[in-house]
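Q: quick one: sequence and predicted model below, then my questions.
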Amino acid sequence: IEEFPGEMFGGFFKGFEDSYYTFYDQYLVIGNSAGAVRSFINDLDDDNSWGRSVSYVQYFDNVQKNANLSIFINVNRAYDLVYNTLNKESQDFFNKYERQIRQFDIMSIQFVTINNNIYSSFALQHRSTARPNDKSSGFLTGETVGVEAKIATRPFVVKNHNDRSREVILQDTSGQVYLVSSAGEILWKRKLGNLIQSDLFQIDYFKNGKLQYLFCTKNGLQLVDRNGKDIDNFPVLLGDSVKVNWLNVIDYDDSRNYRFIIADSTGRLILFDKYGRIVDGWNGIDMKGTLIQAPFHLRVRGKDCIVAVLKKGVVNIINRQGKSFKGFPLKLDNPVEGPVFVQPGPDFSRTLFNTVTSNGVVIQFSLEGKIKNKSQLYRPDKKTIYEIVPNLSNDNFVIARLDDNHVSILDRAGVSILDKELLFTGDLKVQYYNFGTNNELFVFSDTQQEFTYVYNREGKLINNQPFESSYQVSIVYSEVNNQFRIYS
C-alpha cells in the first residue's frame with residue numbers, strides 16, 4: 001500500500017512509496033526499503049543502538065518518560081533531508097552556519113496529555129554537553145597478525161555472520177589471502193593468482209543471512225564463502241584486455257538479486273548479473289575517460305540511475321539500458337581528485353550532487369543535470385589541489401586542501417576546520433570518520449613513507465605521533481565502550 005504509514009498516522013509519516021515491515025520483540029518495524037529494515041535489525045543485533053550509547057542514554061535520562069508522542073532526531077543525519085526542503089534563503093543560512101548547526105547532536109519534541117490539556121517540550125543537546133571521548137588520547141596495540149610476505153592491501157573489516165564479530169580479510173604480496181578472526185587468529189588462507197584490485201563487499205548471495213565476499217583481481221571477478229571456497233560460476237575471467245579499476249554492487253530493489261558493475265582502466269563499464277553473466281548491452285559501455293570512483297546506483301521516483309564520475313571532470317548518469325539521462329554527460333570544466341557526494345531528494349530536481357574540482361571550484365548540481373551553485377575556494381598556490389572526502393556512512397563530507405607539506409580540512413562553506421603541517425610525499429590519502437558526538441577523526445595516510453596520522457576534531461594528534469601503516473586504515477567505533485578500534 002503506497003504511503004501506508006501516512007495513511008495510518010497522518011501526513012508527518014509520509015515518504016513511503018513502498019512499505020516493508022517486520023516484527024522485532026513485539027514491535028512492528030516499517031521501512032521504505034527492505035535494505036533499511038534489514039540494516040535496522042542488524043544494528044539492533046550488533047548492539048549499535050541509542051540504548052547502548054553512553055551519550056544518548058545520558059540524553060534520554062533528561063526527557064519525558066510518559067510522553068504520548070515523542071519525536072527524536074539525529075541532527076547530523078537529518079541535516080540533508082531538512083536542507084532539501086528549504087527555500088534558497090534558508091539554504092544559504094544553513095550553508096553559512098552548517099558547522100555550528102551540526103554541533104547540535106540530538107533533538108526531541110514531545111507531547112503529553114494531562115487533564116485534557118496537551119503539553120509540549122523541546123530538548124536539544126549540544127556536543128559540548130555530551131560525554132567527552134576521554135579515551136581518545138592514545139591507542140593501545142591489540143591483536144597483531146604475522147603473514148608470509150609484505151601486506152599488499154588495506155585491511156578489509158568484515159562481519160562474521162555466525163556471531164556478528166568483526167574479522168579482517170587481507171592479502172600479501174605473494175597473493176595469499178587471509179581471513180583473521182577478532183582474536184587475531186588466521187581462520188584460513190588461500191593463494192590467488194593476482195592481487196585484489198577493488199574494494200571487498202559482503203553480500204547475501206543465497207538470501208539466507210550467510211555472507212560471502214566479492215572482489216576483483218586484475219582480470220577476474222571473485223566470489224568466495226566464509227571458508228574461502230569459490231561460489232558456483234565464479235571466478236569470472238575477464239580476459240587480458242580488461243584491467244579492473246573499480247567494482248560495485250547494485251541491488252535495484254533490495255531483493256538481493258544483485259548486479260555487479262566494474263569499470264576498467266579505460267573507462268568501460270561492464271555489468272554482470274548475479275550468476276556472473278554479462279547483462280545484455282553492457283559488455284563495455286564506454287564512458288570516454290577513467291573513473292575517479294566506483295560507479296554507483298541511485299533510485300529516484302522509481303527510476304534507476306547509474307552514476308559515473310570521470311577524472312577529467314565529466315559526470316555521466318545512465319539508465320539500466322546504458323543510455324544517458326537528459327542533462328548528461330555534464331562537464332565540470334576542470335578535473336576532479338575525489339568522489340561526488342550525494343544529497344538524496346524526493347525527485348530529480350532536489351537530488352543534489354556536490355563536488356570540488358582539483359583547482360578548488362565547488363559545484364552543486366541536480367539529477368536534472370543543472371548547476372545549482374558554483375563558487376571558487378581560496379587557492380594559495382597554483383599547485384594546491386582539492387578533493388571532497390565523504391565520511392564512512394556517506395551522510396556528510398569535508399573538503400581536503402593539499403599544498404606542499406600542508407593539509408587543510410574545510411567544511412562545505414570553505415571554512416577551515418583543521419590546518420596541519422605534515423611532511424608527506426605526493427601520495428597522501430585522506431579519510432574522514434564521523435561517529436557522532438565528539439567523535440570526528442581525520443586520517444592522513446602517506447602510503448610511500450608508510451605513516452598514518454590520526455587527528456580528532458580539536459586538531460590533536462592521537463597517540464602524539466603517527467603510526468606505521470602501508471595503506472589506508474579502517475576504523476570502527478564502539479558506542480558501548482566509547483572506544484575506537486583501528487585496523488592497519
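A: In hand now; what should we look at?
Q: Leu392 against Tyr433, yeah?
A: Yes. Assessed by CB atoms under 8 Å, Leu392 is found in contact with Tyr433 at 5.5 Å. C-beta: built from backbone N, CA, C; applies to glycine.
Q: now the common contact residues for those two.
A: Common neighbours of Leu392 and Tyr433 (criterion: CB atoms under 8 Å, 6 or more residues apart in numbering): Ile475.
Q: which of the two has more neighbours?
A: Taking neighbours as other CB atoms under 10 Å, Leu392 and Tyr433 compare with Tyr433 leading, 19 against 16.
Q: beta partners for that one?
A: Listed beta-bridge partners, Tyr433: Leu441 (assigned using DSSP bridges).
Q: what's the following helix or strand after the least confident helix or strand in the chain by mean pLDDT?
A: Ranked by mean pLDDT, DSSP states H and E, the helix or strand of the chain with the weakest confidence is helix 54-60, at a mean of 76. Using DSSP states H and E, the helix or strand that directly follows helix 54-60 along the chain is strand 69-74.
Q: which secondary structure elements does that following strand contact?
A: Applying 3 or more CB pairs under 8 Å, 6 or more residues apart in numbering; DSSP states H and E, one finds that strand 69-74 contacts strand 104-114.
Q: next, the angle strand 69-74 makes with the strand it packs on.
A: Put simply, strand 104-114 runs at 180 degrees to strand 69-74, going by axes from the mean of the first three to the mean of the last three CA atoms, to 10 degrees.
Q: and stretch 425-443, C-alpha only, in PDB?
A: C-alpha atoms of stretch 425-443 as PDB (Å, rounded to 0.1, in the frame of the first residue of the first chain):
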ATOM      1  CA  THR A 425      55.100  12.700  -0.200                       C
ATOM      2  CA  GLY A 426      52.900  13.400  -3.200                       C
ATOM      3  CA  ASP A 427      50.600  10.500  -2.400                       C
ATOM      4  CA  LEU A 428      48.600  11.400   0.700                       C
ATOM      5  CA  LYS A 429      45.300   9.600   1.300                       C
ATOM      6  CA  VAL A 430      42.700  11.500   3.400                       C
ATOM      7  CA  GLN A 431      39.800   9.800   5.300                       C
ATOM      8  CA  TYR A 432      37.000  11.300   7.400                       C
ATOM      9  CA  TYR A 433      35.200   9.500  10.100                       C
ATOM     10  CA  ASN A 434      32.200  11.000  11.900                       C
ATOM     11  CA  PHE A 435      30.800   8.700  14.600                       C
ATOM     12  CA  GLY A 436      28.600  11.300  16.300                       C
ATOM     13  CA  THR A 437      29.100  13.300  19.400                       C
ATOM     14  CA  ASN A 438      32.700  14.400  19.900                       C
ATOM     15  CA  ASN A 439      33.900  11.600  17.700                       C
ATOM     16  CA  GLU A 440      35.200  13.000  14.400                       C
ATOM     17  CA  LEU A 441      38.500  11.700  13.200                       C
ATOM     18  CA  PHE A 442      40.600  13.000  10.300                       C
ATOM     19  CA  VAL A 443      43.100  10.400   8.900                       C
END
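Q: mind listing the helices for the stretch 51-200 of the chain?
A: Listed in chain order, the helices found in the stretch 51-200 of the chain under DSSP state H, counting those that start in this stretch are 54-60, 75-83, 88-96, 98-101.
Q: which of the ones you listed is buried the deepest?
A: Burial of those is given as mean neighbour count (mean count of other CB atoms under 10 Å); helix 54-60 ranks first at a mean of 18.
Q: name all residues that make contact with Glu421.
A: Glu421 makes contact with Asn405, His406, Val407, according to CB under 8 Å, 6+ apart.
Q: look up how far Ser408 lies from it.
A: For Glu421, the distance to Ser408 equals 10 Å [CB to CB, to the nearest Å].
Q: ok, now which ones touch the residue lying closest to Gly414 once chain neighbours are set aside?
A: With CB to CB, 6 or more residues apart in numbering as the criterion, Gly414 has its nearest non-adjacent residue at 4.9 Å, and that residue is Leu377. By CB under 8 Å, 6+ apart, the contact set of Leu377 is Val356, Gly360, Val361, Val362, Tyr386, Ile399, Arg401, Leu410, Gly414.
Q: for those residues, pick the one with the most neighbours.
A: Among the contacts of Leu377, Val356 has the most neighbours (other CB under 10 Å), with 30 neighbours.
Q: residue contacts, it?
A: Taking CB under 8 Å, 6+ apart, we find Val356 in contact with Val336, Gly338, Val362, Ile363, Leu377, Tyr386, Glu387, Ile388, Ile399.
Q: okay, it: pLDDT?
A: Val356 is assigned a predicted lDDT (pLDDT) of 97.
Q: count of residues packed around Lys331?
A: For Lys331, using other CB under 10 Å, the count is 11.
Q: roughly how far apart are it and Trp246?
A: Using CB to CB, one gets 21 Å for the distance from Lys331 to Trp246.
Q: if we can go back for a sec, turn the helices of the stretch 51-200 of the chain into JSON lines, including distance to Ser108.
A: Listed next are the helices of the stretch 51-200 of the chain as JSON lines, based on distance: least, CB to CB, whole Å:
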{"stretch": "helix 54-60", "distance to Ser108": "8"}
{"stretch": "helix 75-83", "distance to Ser108": "11"}
{"stretch": "helix 88-96", "distance to Ser108": "21"}
{"stretch": "helix 98-101", "distance to Ser108": "16"}
